[in-house]
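J.: only geometry, no sequence info:
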């Protein structure tokens, strides 16, 4: 798995096509070489109530949390983080050049002892010709 959860200030919606941003992040995860396609989940959550820096209403934020299964080397996690952060910052570049915007991201490992899941996505994606090792 990874779960990519983009949290962002609602005022960003007037400047950014959030669906395109989610698509860019999802594609970056899919092309990272780290995950099988059936494992990638990407979503966005708008925050209506927030306070950023000095509290000015024009301030914006985008924060990406990337939750991945445990066991990958620090180098793989760092490279993945850089790859995803590049997709995030490139997609938000125009806004960050013209508006107050805080962009952040963190990669978190999911503890396998406290993670429960059941899905059939790997088989379905593979049957569609999309799941490969990676």
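T.: Perfect, I can see it now. Every value quoted in this text rests on a predicted model; they were computed, and no experiment measured them.
J.: got the buried residues for the strand or helix carrying residue 63?
T.: Using DSSP states H and E, residue 63 falls within strand 60-69. Within strand 60-69, the residues that count as buried by 16 or more other Cβ atoms under 10 Å are 60, 61, 62, 63, 64, 66, 67, 68. Just so you know, the C-beta spots here come from the backbone N, C-alpha and C atoms, and that holds for glycine as well.
J.: now the element after it, going C-ward?
T.: Remark: after strand 60-69, the chain's next helix or strand is helix 74-91, criterion DSSP H and E.
J.: show me how far the next helix or strand after that next one is from its chain's centre.
T.: Scanning forward in sequence from helix 74-91 by DSSP H and E, the next helix or strand is helix 93-98. Centre-to-centre, helix 93-98 and its host chain are 19 Å apart (Cα atoms, centre = their mean, to the nearest Å).
J.: likewise stretch 62-70?
T.: In terms of Cα atoms, centre = their mean, the centre of stretch 62-70 is set 6 Å apart from its chain centre.
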